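**Q** fold the following and give me the result.
(one chain, ligands or ions: 2)
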Amino acid sequence: STQAETFEFQVEARQLLQLMIHSIYSNKDVFLRELISNASDALDKLRLESLRGTELHADTSDLHIEIEADKEARTLTIRDNGIGMSHAEVIELIGTIAKSGTAQLLQELKEAKDAAASQDLIGQFGVGFYSAFMVADRVTLLTRHAAQHQGTRWESSGEGTYTIEAVEEAPQGTAVTLHLKPEDAEDRLFDYASEHKIKEIVKRYSDFITWPIRMATETARSAASADTDSAESEADGAAADEGEGATRPMETLNSMKALWARSRDEVTDDEYHEFYKHISHDWNDPLETIRMHAEGTFEYQSLLFLPSQAPPDLFLRERKRGVQLYVKRVFIMDDCEDLMPEYLRFVKGVVDAQDLSLNVSRETLQQDRQIQLMRRRLVKKVLSTVKDMMSEHPDRYATFWKEFGRAVKEGLLDDFENRDAILEISSFPSTHDAEESVTLRQYLDRMKDGQQHIYYMTGESRQTIESSPHMEAFRAKGFEVLLLTDPIDEMWVGSVPEFDGKQFQSIAKGQVDLDTEEEKKEVEAERERQQKEFAELLSWMTTTLSEKVKEVRLSSRLTTSPACIVGDTYDVTPNLENMFRAMGQ
Ligand code: ADP
Ligand code: MG
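**A** Ligands and ions are numbered 1, 2, ... in the order given. Below is the predicted model of the structure:
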């Protein structure tokens, strides 16, 4: 075989590995979930390639995951016969972290005040393969890509460098061998070479994996020796391994049932949460689980999740959408953008359609009427779930809106069909409460007699808006004003005409009519009197300031400030002006 070459980890990868080696994450058990999750993905990919007719040097008749523990050597091996990796892929996928937001995460970790805060950040980020270094002081990976003959061996202690060498003979797929940390040997909590411990972790975190996870267990051995006609041993999940060696009796540790296909009361919240972690690569529980089952001419099942935290790439260009497409239980693609609109890109989950062809591609999906129908139903379901959350779990809703509100509001610009539903679930800072945001519904319920519009003002922050002179008359009248502080607010509020029959009215634009009929008559008389009195002064000021303003006029809006500048109804606001400038326009 060839000489092993030594490589350095990318800087960010090295820093993350240090955190793993020193186990800043307290629940070390999750390393196994991560490795099984990768193995499962690799099996999905191989099956898909073979369905598509790709030329492969691979046997797809018995795709599975195998766990092998050696108590004496203190090693644990997780093996799959999936797609594998080429030499270049090992360097690219294992030697670097491509995940966007890594640099930012590391910065935040540096600034994190305590262990709990660091845990939280790591959990939110999710660390996949590298989590192996929480329990191992050396990791060996042997892999062969299904389209190639030659294999690759990778090895590292996680301390800055790794070695790679080409291997002539390598079995199909990937085997990851962990040399377990000696310091954990005496601690039963971390005894990852023990059969009992492994079974417990698999059951807890990976039960729903649809590929068999096998292990040569005590149960399997005694079942095999107790009766030779294996009928009974099959019943408790043990079966003889028919692979090489052919003698080791194996037990399948997981139930392999696709969660979305099981009836709701058969599945626990914990199981849903673990499934969420598998597909999202998030280590935290989701905020909400959404199930849908459509029968009839076009049948599909879906299991969607709202995460509890926004991913670091939510507003980055290369962000992905989170819904996977399955056809009749077969994984077809990740981030299927035709199933979820851009503004709901943070929704994670699975949609399993019964009547699509296994050969669908991204291009054909775009034209597919069934897909479009599904998408409409899914969007409505997500929005209605959030609406229910508002009344049933206000605290959860508040979290949702804080994390994802900015993205959801993008939908006001292009999803005309669901505009009202989006407005219904939106909330905004307001003058009514110094901390809590208010919904439009609450705003309408509180409107004063004679109030015609939903008043708002846009600006950079609550503070700048609240100290604006435009605010004075509204404060004096006791009218509530929405404080729209997100840049996206500028974009939609100009194009969304109304909510439930009430128009949105900026308090910083044009003439704002605050008074009742009687008040108006009095004010009119007073204004005429003042108009005469100040006519000369106003025309002098208009001429003097003609380069800066269109007109100087008397105003009834101000109560304490002597003067303010207002835009015409159709002028861009100062905030939008800044945005355009930033965009180079
Ligand atoms: P993630 O799963 O979030 O992409 P990981 O750190 O878990 O991140 O894995 C990095 C990448 O390495 C995977 O995306 C995959 O391409 C590759 N990989 C890891 N394990 C395997 C495996 N068992 N078989 C094939 N590829 C793998
Ligand atoms: Mg992974």
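
**Q** CA only for contacts and neighbour counts going forward, please
**A** Will do.

**Q** need the longest helix for this structure.
**A** If you go by DSSP state H, the chain has its longest helix at helix 517-544.

**Q** and the contacts of stretch 124-141?
**A** 16-17, 20-23, 28, 30-32, 34-35, 38, 94, 105, 153-158, 174-181, 184, 281-284, 309, 311-312 (Cα atoms under 8 Å, 6 or more residues apart in numbering).

**Q** which of those residues fall within helices?
**A** Using DSSP H, these in helices are 16-17, 20-21, 30-32, 34-35, 38, 105.

**Q** could you list which of those also contact ligand 1?
**A** Contacts with ligand 1 within the ones in helices among the contacts of stretch 124-141, counted by Cα under 6 Å from any ligand atom: N38.

**Q** of all pairs in the ones in helices among the contacts of stretch 124-141, which one spans the longest distance?
**A** Taking Cα to Cα as the measure, those span a maximum distance of 23.1 Å, between L32 and L105.

**Q** higher neighbour count, the two?
**A** Remark: of L32 and L105, L32 carries more neighbours, 24 against 19, as counted by other Cα atoms under 10 Å.

**Q** OK, contacts around that one?
**A** L32 sits in contact with 132, 201-202, where contact means Cα under 8 Å, 6+ apart.

**Q** out of these, who has the most neighbours?
**A** Of the contacts of L32, with other Cα under 10 Å as the count, A132 tops at 28 neighbours.

**Q** beta partners for G567?
**A** K509 (DSSP bridges).

**Q** hmm, S506 and it touching each other?
**A** No: the pair G567 / S506 is not scored as a contact, 10.3 Å apart, by Cα atoms under 8 Å.

**Q** near ligand 1, which residues of the stretch 251-400 of the chain? Just list them.
**A** H281.

**Q** per-residue pLDDT, E519?
**A** The model reports E519 with a pLDDT of 68.

**Q** typed the wrong thing, it's L93
**A** Confidence score, pLDDT, at L93: 91.

**Q** just the pLDDT for the nearest residue to S206 once chain neighbours are set aside.
**A** Once flanking residues are discounted, S206 sits nearest to R33: 6.2 Å by Cα to Cα, 6 or more residues apart in numbering. Predicted confidence (pLDDT) for R33: 94.

**Q** my guess is R33 contacts V202, does it?
**A** Yes: look at R33 against V202 with Cα under 8 Å: they come within range, at 7.2 Å.

**Q** contact partners for the residue nearest to S206?
**A** 201-202, 205-206, 278.

**Q** sec struct for H273, please.
**A** helix (DSSP: H, G, I helix; E, B strand; the rest coil).

**Q** give me the more crowded residue out of G567 and S506.
**A** S506 (22 against 15).

**Q** got a list of what M333 touches?
**A** By Cα under 8 Å, 6+ apart, the neighbours of M333 are 324-326.

**Q** go on, S280?
**A** 322, 348-349.

**Q** if we go to 10 Å?
**A** 126, 274, 286, 305, 307, 322-323, 346-349 (Cα atoms under 10 Å, 6 or more residues apart in numbering).

**Q** show the pLDDT at it.
**A** So, for S280, pLDDT stands at 91.

**Q** quick one: the strands in the stretch 401-550 of the chain?
**A** 427-430, 433-439, 454-458, 482-484, 498-499, 502-506 (DSSP state E, counting those that start in this stretch).

**Q** now tell me what touches the fifth one from outside.
**A** Spelled out, it's strand 498-499. 419-420, 423-424, 440-441, 444, 453-454, 504-505.

**Q** same thing but at 7 Å, please
**A** With contact meaning Cα atoms under 7 Å, 6 or more residues apart in numbering, strand 498-499 is reached by F504.

**Q** burial count for the closest residue to F190 other than its chain neighbours?
**A** Nearest-residue entry for F190: D184, 5.7 Å, with adjacent residues in sequence omitted and distances by Cα to Cα, 6+ apart. By other Cα under 10 Å, the residues close to D184 number 14.

**Q** can you tell me the closest non-neighbouring residue to V139?
**A** Spatial nearest neighbour of V139, chain neighbours left out: L178 (4.8 Å); criterion: Cα to Cα, 6+ apart.

**Q** what separates the one you found from G158, distance-wise?
**A** 12 Å (Cα to Cα, to the nearest Å).

**Q** go on, E200?
**A** From E200 to G158 the distance is 27 Å (Cα to Cα).

**Q** out of the ones in helices among the contacts of stretch 124-141, who's near ligand 2?
**A** Contacts with ligand 2 within the ones in helices among the contacts of stretch 124-141, as defined by Cα under 5 Å from the ion: N38.

**Q** hang on, the earlier thing: and E200 and G158? Which one has more around it.
**A** G158 (23 against 13).

**Q** for that one, what are its contacts?
**A** By Cα under 7 Å, 6+ apart, the neighbours of G158 are 17, 133.

**Q** okay, now the unreliable bits of the stretch 451-585 of the chain?
**A** 510-520, 556-560, 568-585 (pLDDT under 70).

**Q** and for the stretch 251-400 of the chain?
**A** Scanning the stretch 251-400 of the chain for pLDDT under 70 picks out nothing.

**Q** 90 instead?
**A** For the stretch 251-400 of the chain, applying pLDDT under 90 flags the ranges 257-258, 261-265, 281-282, 294-298, 311-322, 328-335, 337, 354-370.

**Q** quick one, what contacts the closest residue to ligand 2 within it?
**A** Nearest to ligand 2 in the stretch 251-400 of the chain, going by Cα to the ion, is H281, at a distance of 6.5 Å. Neighbour list for H281: G126 [criterion: Cα under 7 Å, 6+ apart].

**Q** M390 too?
**A** Y397.

**Q** make it 8 Å
**A** Applying Cα under 8 Å, 6+ apart, one finds that M390 lies in contact with 396-398, 425.

**Q** report pLDDT for A235.
**A** At A235, pLDDT is 43.

**Q** quickly list what the closest residue to Y456 other than its chain neighbours is bridged to.
**A** Once flanking residues are discounted, Y456 sits nearest to L482: 4.3 Å by Cα to Cα, 6+ apart. Counting by DSSP bridges, L482 is bridged to S430, Y456.

**Q** measure L482 to ligand 1 for me?
**A** 40 Å (Cα to the nearest ligand atom, to the nearest Å).

**Q** count of neighbours near that residue?
**A** 27.

**Q** ok, now Q107?
**A** For Q107, using other Cα under 10 Å, the count is 11.

**Q** helix or strand next in line after the host helix or strand of it, which one?
**A** Using DSSP states H and E, Q107 sits in helix 102-111. Downstream of helix 102-111, the next assigned helix or strand under DSSP H and E is helix 115-125.
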